[in-house]
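**Student:** The following block contains a protein sequence and its predicted model.
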Amino acid sequence: PGNSFYFGCYEGTKLTIAKVSGRSTRDLTSVELMASGAMAGLGFWGTVYPMDVIKTRIQIDSDANPRFKGIIDCARQIYKEAGMSALYRGVGPCLARSVPANAVCFLVYEWSCKWFSSFAN
């Protein structure tokens, strides 16, 4: 599910910017591409962060005396002990890192696509 939000947010933001500005997605500026990449990162982590918290809790659980029986049990225990907000604890720094990282990632991706396509002509 995370990747569908990742690429969906990226393409959706690009299409929205292009439509609002009356241009093609191929004509977007670097800043607009970076904004689209930033939205992709927010869309990804906004959807998968709770699953990442559960994964991390299971990974650090004791092998000798495990606290969790599985994914569902882990999610239930987290929710029971601390509520839904526990599944998003720490999301702020994650999103703060995600915005610039994905902005640059998609900008370089678009630049690379243009550069490689120049060899096809």
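**Tutor:** Structure's in. What do you need?

**Student:** From now on I want contacts and neighbour counts done on CA atoms only, so please keep to that.
**Tutor:** Noted.

**Student:** Can you list the buried residues in stretch 99-118?
**Tutor:** Applying a neighbour-count criterion of 16 or more other Cα atoms under 10 Å, one finds Val99, Asn102, Ala103, Val104, Cys105, Phe106, Leu107, Glu110 buried in stretch 99-118.

**Student:** Please convert these to a markdown table, extending it with secondary structure.
**Tutor:** Output for these, formatted as a markdown table (DSSP: H, G, I helix; E, B strand; the rest coil):
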| residue | secondary structure |
| --- | --- |
| Val99 | helix |
| Asn102 | helix |
| Ala103 | helix |
| Val104 | helix |
| Cys105 | helix |
| Phe106 | helix |
| Leu107 | helix |
| Glu110 | helix |
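
**Student:** Does Ala75 touch Lys55 like I think?
**Tutor:** No: applying Cα atoms under 8 Å, one finds Ala75 not in contact with Lys55, separated by 9.6 Å.

**Student:** between these two, which one's more packed in?
**Tutor:** Ala75 (21 against 16; other Cα atoms under 10 Å).

**Student:** SS state for the more buried one?
**Tutor:** Ala75 - assigned by three-state DSSP - is helix.

**Student:** which residues touch it?
**Tutor:** Ile54 (Cα atoms under 8 Å, 6 or more residues apart in numbering).

**Student:** Would you mind measuring from it to Ser24?
**Tutor:** Distance of Ala75 to Ser24, computed by Cα to Cα, to the nearest Å: 44 Å.

**Student:** Count residues in the vicinity of Ser24, would you?
**Tutor:** Look at Ser24: counted by other Cα under 10 Å, it has 12 neighbours.

**Student:** what residues are up against the nearest residue to it once chain neighbours are set aside?
**Tutor:** In space, and not counting its chain neighbours, Ser24 is closest to Ala18: 5.5 Å by Cα to Cα, 6 or more residues apart in numbering. Residues in contact with Ala18 (Cα under 8 Å, 6+ apart) are Ser24, Thr25, Leu28.

**Student:** Kind regards, and thank you for your time.
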